[in-house]
Structure formats: structure tokens, C-alpha cells
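Enquirer: my questions are about this predicted structure, shown below with the sequence.
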Amino acid sequence: MDGRPVLVSTRAEDATADVVIAELNRRRVPVLRFDPGRDFPARAVIAARTSADGWAGHLAVGDRTVDLSGVRALYHRRPSAYVTDSGEQAARFAAQENRRGLGGVLGALPGCLYLSHPQAIARAEYKPAQLAAAARVGLKVPASLITNDPMEAKEFCAAQPTIYKPLYAGTYDVGGEPAGIWAAPVAAGEVDGAVSHSAHLFQAQVPKVADVRVVVVGDQVFTARITAPPGVVDWRAEYQSLTYEPVACPEEMRGALVRFLSAFGLSFGAFDFAVTGDDGWWFLECNPNGQWAWLGATRSRVRRVNSQIGDRLCRMRSS
């Protein structure tokens, strides 16, 4: 193993990145962890120059420096959005320059392996594109409606049991505290003019008996069944009440999952499925930066995922 470093781009609190870094440390691979949105430009300095092979120069974060032309891999996890404490107009300008400057260089490093490429992750975060891709590769997809038309929403909700879910899983402050917006049942009578204020995603509610989290790294598939208390629609709202068990992924689905990732240029994906009583697996979404280290009762799978990610980050690209 040579001394080429791995860059880990994520925020300060990221338990999944922590276990990957521990695996890289075990393999004696140099790691530089930083949060571009928070560390740049206050703590981080980049000096990148074009060369015959691509970008060269250095990135320094605190007292640590890496040679950009020697970066082995970029593990792009969950970095903060680029911010600045300047005035409003200057802040917008600086944030865009930082994202396209630092982010652009990090996305164009010579001989660098990406898990996954930041631009591929950004494309894959659009749920409409995910649902269309899932249907194309042969996965079961619940009937879905994206609309800002209250009448369309009412008709859809009246036609079958329906849930509403946000199109983007960002945080939402409630009383000054960050909170998640979970998927929740919605009836036709609950739909009002507020729907017209933004795009909304409505889906036919799958009569599920459990959920499944499928983590795919390259062509390796790791699967865990998640059981929540009866009546819970979104298991993320009941972490303390969940049980987990390792299960096998149906063989016919493995190729579909790999094809899904390939369609977006991803090398990692955390898929969520709703499982019905007849063992039907219904695609809900794929998080291109999803979590997996919290699957408590499936520790062997957690270790295998971690080892597989370590293998990919340490793999040398020939170009």
C-alpha cells in the first residue's frame, strides 16, 4: 500500500464516515477529513494549477496538506452547504464561487476514485428521476403524483390510501430544533389550497408488513429487514422501537439495483423498499449517501459493507 491519501468530505458529526475512516486507519491509509462548506475558506486553503495530467497543487486544512495530483480517492459523504458570513449579495456570490471552485477541482482530480462522484450524487438526489429509473430497470414502483394542484391531489388521494412525503430529506426547524418531515398518510379531505404553494409528492400507500434497507457497493449487495411497531408508516420516526435482521435479496433484483446505480453513475446506494405480505418488494427511494452503520442486529453485514467500501477507496485507478 502506498501513501496516497483518501479525502473524506463530510460534516463534523457523521457516524458512518467515522467507521469508514477507522477501516482506512486499520489499513494504514492516510486520510484527510474536512467539511468544504464549513472549513473553506476559513480553515482550508487550495492552490490548484492546470497541468498536462489535470489539476495539480495542494489542499491544506489546518496543519495538514495533501498533494492534489496524488489523491487516491474522494469519499463524498454529507458535507455542509457552502456558506459565508458576508452580506447577502456577497454571500451568494462567494458560496457559488466556492462550490464551483473548490468543488469543481475536487471533482476533477487526476487518477482519483470517487465514491461516488459529487455530480452523480447531485443528479441522483432528484426523486422524480429515481422513480423513473426504478421503473425502467424493472422495480415495482407505487403509483405516484407530483403536483401543486389541490384538485389533482384530492382526486389522487380519493382513489387509494395515500401518503405524502417530501421530495428532499432536508431538516426543518421546529421551535429552533432540527426535525425531520416523515412520510405520513393523507386523506382527500385533508388536502387544501396549501398544496399550491410548492410541489408535493403523493404516493399510493403500500400495505407493507416490513421495510428493507439494501446497501449496494459496486456490484455487492447487503440487505437488512427493518420491522417497526404496527401502524408506523415511516420507520425513521421510531428508531428506538425498530428490530433488524439480515435477509437475502431476491436474486432477480440484484441486477436491477446495479443497473439503477449505473444509470446515475453511482458506485454506492442505500435503497429503501416496502415489503408486502406476499413478499413483494416496492421501491421507495435510493439515498446515494445513505446510512448503514446503525443497523444494530446485522453487525456482520455492517462489517462487510465497511470492508467493501474500504476496498473500493483503496483501489488504484489506472487512469
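Expert: Done, it's in.

Enquirer: in a helix, residue 132, correct?
Expert: Yes. Secondary structure of residue 132, determined by DSSP: H, G, I helix; E, B strand; the rest coil: located in a helix.

Enquirer: now do the same for it: its pLDDT.
Expert: The score at residue 132 is 98. That number is its pLDDT.

Enquirer: how about stretch 132-141: buried residues?
Expert: Judged by neighbour count using 16 or more other Cβ atoms under 10 Å, the buried positions of stretch 132-141 are 133-134, 137, 139, 141. (C-beta placed from N, C-alpha, C; glycine too.)

Enquirer: pull up the distance across that stretch, start to finish.
Expert: Its first and final residues considered, stretch 132-141 spans 9 Å by Cα to Cα, to the nearest Å.

Enquirer: including distance to residue 7, could the buried residues of stretch 132-141 go into TSV?
Expert: Putting the buried residues of stretch 132-141 into TSV (distance: Cβ to Cβ, whole Å) gives the following:
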residue	distance to residue 7
133	28
134	31
137	31
139	33
141	35
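
Enquirer: which single one of those is nearest to residue 253?
Expert: residue 139 (7.2 Å; Cβ to Cβ).

Enquirer: ok, and the closest non-adjacent residue to that closest one?
Expert: In space, and not counting its chain neighbours, residue 139 is closest to residue 283: 4.2 Å by Cβ to Cβ, 6 or more residues apart in numbering.

Enquirer: contacts only, for that neighbour.
Expert: 131, 134, 139-141, 271-273 (Cβ atoms under 8 Å, 6 or more residues apart in numbering).

Enquirer: which strand or helix spans it?
Expert: Assigned by DSSP states H and E, residue 283 belongs to strand 281-287.

Enquirer: what comes up buried for that strand?
Expert: Going by neighbour count (16+ other Cβ under 10 Å), the buried part of strand 281-287 is 281-287.

Enquirer: where's residue 262 relative to residue 269, distance?
Expert: If you measure residue 262 against residue 269 using Cβ to Cβ, to the nearest Å, the figure is 10 Å.

Enquirer: what are the ranges of the strands in the stretch 1-150 of the chain?
Expert: 6-9, 31-34, 44-51, 54-61, 64-67, 73-76, 113-115, 144-147 (DSSP state E, counting those that start in this stretch).

Enquirer: ok, and what's touching stretch 122-136?
Expert: Counting contacts by Cβ under 8 Å, 6+ apart, the residues touching stretch 122-136 from outside are 141, 144, 146, 167-168, 201, 260, 263-266, 269, 283, 285-286, 288.

Enquirer: quick check: the gap between residue 23 and residue 10.
Expert: Using Cβ to Cβ, one gets 15 Å for the distance from residue 23 to residue 10.

Enquirer: these two: which is more packed in?
Expert: Neighbour comparison, residue 23 and residue 10: the larger count goes to residue 10, with 22 against 19 (by other Cβ atoms under 10 Å).

Enquirer: so can I have TSV of the contacts of residue 283 showing distance to residue 207?
Expert: Converted to TSV, the contacts of residue 283 look like this (distance: Cβ to Cβ, whole Å):
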residue	distance to residue 207
131	19
134	19
139	18
140	13
141	15
271	20
272	16
273	14
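
Enquirer: which among these gets closest to residue 192?
Expert: Top of the list for closeness to residue 192, among the contacts of residue 283 and by Cβ to Cβ, is residue 131 at 25.3 Å.

Enquirer: contacts only, for residue 201.
Expert: Going by Cβ under 8 Å, 6+ apart, residue 201 touches 127, 144-146, 164-167.

Enquirer: follow-up on the earlier one: beta-bridge partners for the residue nearest to residue 139, please?
Expert: residue 273 (DSSP bridges).

Enquirer: can you pull out the helices in the stretch 201-319 of the chain?
Expert: Ranges of helices within the stretch 201-319 of the chain are 251-264, 299-314, based on DSSP state H, counting those that start in this stretch.

Enquirer: nearest to residue 237, of the contacts of stretch 122-136?
Expert: The shortest approach to residue 237 among those belongs to residue 285, at 15.8 Å (Cβ to Cβ).

Enquirer: check that closest one and give its pLDDT.
Expert: Reported pLDDT at residue 285 in the predicted model: 96.

Enquirer: tell me how far it lies from residue 127.
Expert: As defined by Cβ to Cβ, residue 285 lies at a distance of 6 Å from residue 127.

Enquirer: how about residue 203?
Expert: When Cβ to Cβ is applied, the distance between residue 203 and residue 127 equals 10 Å.

Enquirer: just to revisit the earlier point, gap between the strand holding residue 283 and the chain center?
Expert: Centre-to-centre, strand 281-287 and its host chain are 13 Å apart (Cα atoms, centre = their mean, to the nearest Å).
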